[in-house]
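Here is my input; please provide its structure:
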Amino acid sequence: MKGQSVAALVVTVALSAGCGAPAKAGRAHSPTVAAVPAGLPQATTFAALKDAGLWTAQAPSEEGMVVHPPSAAVVYSGPNGSPVAVLPATELGAPTWVPVVQTRPGWYRVLLPSRPNHAAGWLRAPGLRTAHTPYTVTVRLSRQTLTLTDGDREVGTWPVAIGGRTTPTPAGLTFVMAQIAPADPEPSPLILPLGVHSPTLDSFGGGPGTVALHGWPDSSVFGKAVTHGCVRVPSAALRELAKVPLGTPVLITR
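As a prediction, the model looks like this:
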C-alpha cells in the first residue's frame, strides 16, 4: 500500500471506520434515512445531484457556522423551492456536518458532499443542530502548501503534494466531510475526505473519486504535483488537522 494513492481509498475504508474511531472490519455503515419524499437522491459522496445548485464563491462559510441534521433532511432548490435531494444524518459512518454559505430567515444554504463539485442546496433551519468552527484550511495549488488557521491565528503552513497534470486537485470551496482511521495506518493513520471529487476520474480504487487530505510516508513528494487529486500532508500537519471539526471549510485556490 505504500505506493498507492488514497484518492479513493477513502471510500474503501469508510465503510468500516467511524469518525476518527478505530476501524471495525466487516461492519458497514449506511446513511440514516427518515421519511422523505420518494425518489429523491441521497446527498452523499457517492451521488450525483443533477438538480442541485452550485456555490462558486471562494469564501469560507458564514462565520464558521456548520449544521447537522439529526435525521434525514430534505434539500431544496431555494427557500420554499422544489425538493432536490435528501441529506442523510450520517456520512461515511460519522455525523453529517456541512458548512453554511448563505442564510435566509428560516433557511440555511449549505455545501453538499455530492457531485457536481460545489453542489449546494437549502435546508429548513428548524430542527437542525448548529455549531461553529473557528478553523479554515487553505490549500494553495500554485505553491503546493496547506495553511491551517484558527480564527486569526495561523496554526501552521506546510508543503504538500497535490494532484498531477492529468488528475488535478479541484479548486474551490469545500469542507471536511469525515475523519477516518483506516485499519491499515500506512500510508496514513488518518484520512479526511472532503466534499469534493476528482474532476477527471469518475472512480478510483472502487470508489467515487472522493478527494481527501491524508498523510504520506515518503516526504520527497511534498511540494510536488504527483497525486491522483488528494492532498498529501506531512505528519505534523496531519496531527493538527485531526483537531479540526467536521464541516470545517477547506478553500483550495489556484
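
start to end distance for stretch 231-246?
17 Å (CA to CA, to the nearest Å).

Actually, stretch 197-206.
With CA to CA as the measure, stretch 197-206 spans 14 Å from end to end.

in that stretch, what's buried?
Buried residues in stretch 197-206, counted by 16 or more other CB atoms under 10 Å: 197-201, 204-205. Quick note: C-beta positions are derived from backbone N, CA and C, even for glycine.

Show me the two of the residues you listed that sit farthest apart.
Using CB to CB, the buried residues of stretch 197-206 span at most 16.9 Å, a distance reached by 199 and 205.

Low-confidence stretches in this structure?
Applying pLDDT under 70 to the chain flags residues 1-36.

circling back: and which of the buried residues of stretch 197-206 is nearest residue 254?
Using CB to CB, those come closest to residue 254 at residue 199, 12.9 Å.

What sits closest to that closest one if chain neighbours are left out?
The shortest distance from residue 199 to any non-neighbouring residue, by CB to CB, 6 or more residues apart in numbering, is to residue 170 (5.0 Å).

List the contacts of the nearest residue to residue 100 once chain neighbours are set aside.
For residue 100, the nearest residue in space outside its immediate sequence neighbours is residue 65; the separation is 4.2 Å by CB to CB, 6+ apart. Contact partners of residue 65, counting by CB atoms under 8 Å, 6 or more residues apart in numbering, are 99-100, 108, 130-132.

mind pulling up the phi and psi values for residue 65?
Torsion angles at residue 65 (phi, psi; degrees, to the nearest 10) stand at phi -70, psi 130.

Bridged to it, which residues?
Counting by DSSP bridges, residue 65 is bridged to residue 132.

distance of residue 249 from residue 45?
Look at residue 249 and residue 45: by CB to CB, to the nearest Å, they are 17 Å apart.

Same check on residue 204?
According to CB to CB, residue 204 and residue 45 sit 13 Å apart.

now the helices for the stretch 1-150 of the chain?
Under the criterion DSSP state H, counting those that start in this stretch, helices of the stretch 1-150 of the chain are mapped to 9-14.

Could I get the full set of strands for it?
53-54, 65-68, 73-76, 83-87, 90-91, 94-95, 98-104, 107-111, 119-124, 129-132, 135-140, 145-150 (DSSP state E, counting those that start in this stretch).

Give me the number of neighbouring residues for residue 149.
By other CB atoms under 10 Å, 16 other residues sit near residue 149.

for it, what are its contacts?
By CB under 8 Å, 6+ apart, residue 149 lies in contact with 135-136, 138, 155.

can you do 10 Å?
60, 134-138, 155-157 (CB atoms under 10 Å, 6 or more residues apart in numbering).

try residue 43
Counted by CB under 10 Å, 6+ apart, residue 43 has contacts 31, 49, 52, 72-75, 84-88, 91, 96, 98, 110, 112-114, 119, 121, 195.

Could you tell me which of these count as buried?
By 16+ other CB under 10 Å, those give 31, 49, 52, 72-75, 84-88, 91, 96, 98, 110, 112-114, 119, 121, 195 as buried.

about what we covered before: state the distance from the residue nearest to residue 100 to residue 91.
Noted for residue 65: a distance of 18 Å to residue 91, by CB to CB.
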